[in-house]
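Chemist: Please work out how this folds:
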Amino acid sequence: MSEFLQHLINMLVLGGTYALLGIGLTLIFGIMNVVNFTHGVLYTFGAYIMFIVVHQLGVNFFLALPLAVLAGWLLGAAIELTLLRPLRGSDIDTTMLVMIGAWIAMQSGALWIWGGVAKSVTTPFPEAPLVLGPVSVSWLRLFVLAAAAMLIVVTYLLINRTKLGCAMRATFQDQDTASLMGVNVDLIYTSTFAIGSSLAAAAGALLGPVYVIFPQMGDLAAVKAFAIVILGGLGNITGAVIGGFILALAEELGAGYVSSGYRDAMGFLIIIAVLIFKPTGLFARSERVG
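Modeler: Numbering: from 1, shown residues only. I've put the predicted structure just below:
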């Protein structure tokens, strides 16, 4: 029983960061109809920004996280303005090729700038874990869980309680009608991609100190983000959150009770089952009208 509780604690930490990845990708895919292959590189970018700000600039660890999120937002806005806006109206195949090229170029740039040697981020938390009865959890993982939960709540409020969120939801439903009603669709697209990118960077900034940082660390994270979108349903923020926790639970139980080598495989077995029995996702909403 204690082992199962330990897996649940680990699932909560992983699930929070997976949810951030899924929310960012489902926003971009749902509103812009863009397959963002740079999502994993943005995850890596957030982790490296965390390393640079803490170790090279000497900024406080807790202040480094919002700076990494801001850096992800700025990079996402730059990608949308320079690569995606000129392709507005192009077919999805052209956009996919451009984004694949951007992914390869950005990953190669990360390897050239920071090298292939893995890096770690020093944290202010004590090494001794917090012991709660039969389970224990590090203070760093508790911070990751709390920060991820806060970002999820902020994103939910942004989408559902602000004028920007209302405009984003209107654009998702019908871009042409939203434009006729005075919504600046170009601004919504830039904001959407920037927000999605900042969430990916936040996930990398949170998990970078937990593990190690290297240029290819975002590849598997990107695949998992796509899996979460499939689980939760396109354009569904709540579905992305639940999908992230489902994937994390499958990985933890698979690693704990089958084999650690099957950690990633167990999650994708669930994806295959969902695609077979409910291809639209577990929590799919109605598709856009236009």
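
Chemist: make it CA atoms for all contacts and neighbour counts henceforth
Modeler: Will do.

Chemist: shaky segments in the protein?
Modeler: For the chain, applying pLDDT under 70 flags the ranges 1, 284-290.

Chemist: can you map out the helices along it?
Modeler: Using DSSP state H, the helices of the chain run over 2-32, 39-51, 61-79, 92-114, 139-161, 163-173, 175-180, 185-207, 218-232, 237-257, 263-277.

Chemist: Quickly compare the ones you listed and say which is most buried.
Modeler: Sort the helices of the chain by mean neighbour count, taking mean count of other Cα atoms under 10 Å, and helix 39-51 sits at the top with a mean of 29.

Chemist: Tell me the helices and strands packed up against that helix.
Modeler: With contacts taken as 3 or more Cα pairs under 8 Å, 6 or more residues apart in numbering; DSSP states H and E, helix 39-51 sits against helix 61-79, helix 92-114, helix 185-207, helix 218-232.

Chemist: how near is Val153 to Ala147?
Modeler: 10 Å (Cα to Cα, to the nearest Å).

Chemist: Kindly apply the preceding question to Leu247 instead.
Modeler: 19 Å.

Chemist: give the contact list for the residue nearest to Phe214 when sequence neighbours are not counted.
Modeler: Among residues not flanking Phe214 along the chain, Ala118 sits closest, at 4.8 Å (Cα to Cα, 6 or more residues apart in numbering). Ala118 is in contact with 212-214, counting by Cα atoms under 8 Å, 6 or more residues apart in numbering.

Chemist: which one of these is nearest Ser198?
Modeler: Ile213 (17.7 Å; Cα to Cα).

Chemist: What backbone torsions are found at the nearest residue to Ser120 once chain neighbours are set aside?
Modeler: Spatial nearest neighbour of Ser120, excluding adjacent residues (Cα to Cα, 6+ apart): Val212 at 5.0 Å. Main-chain torsions, Val212, degrees, to the nearest 10: phi -120, psi 160.

Chemist: from what I can see Val212 touches Lys119, true?
Modeler: Yes: taking contacts as Cα atoms under 8 Å, Val212 lies within contact range of Lys119: 5.6 Å.

Chemist: Tell me which of those two has more neighbours.
Modeler: Ranked by neighbour count (other Cα atoms under 10 Å), Val212 and Lys119 place Lys119 first, with 18 against 14.
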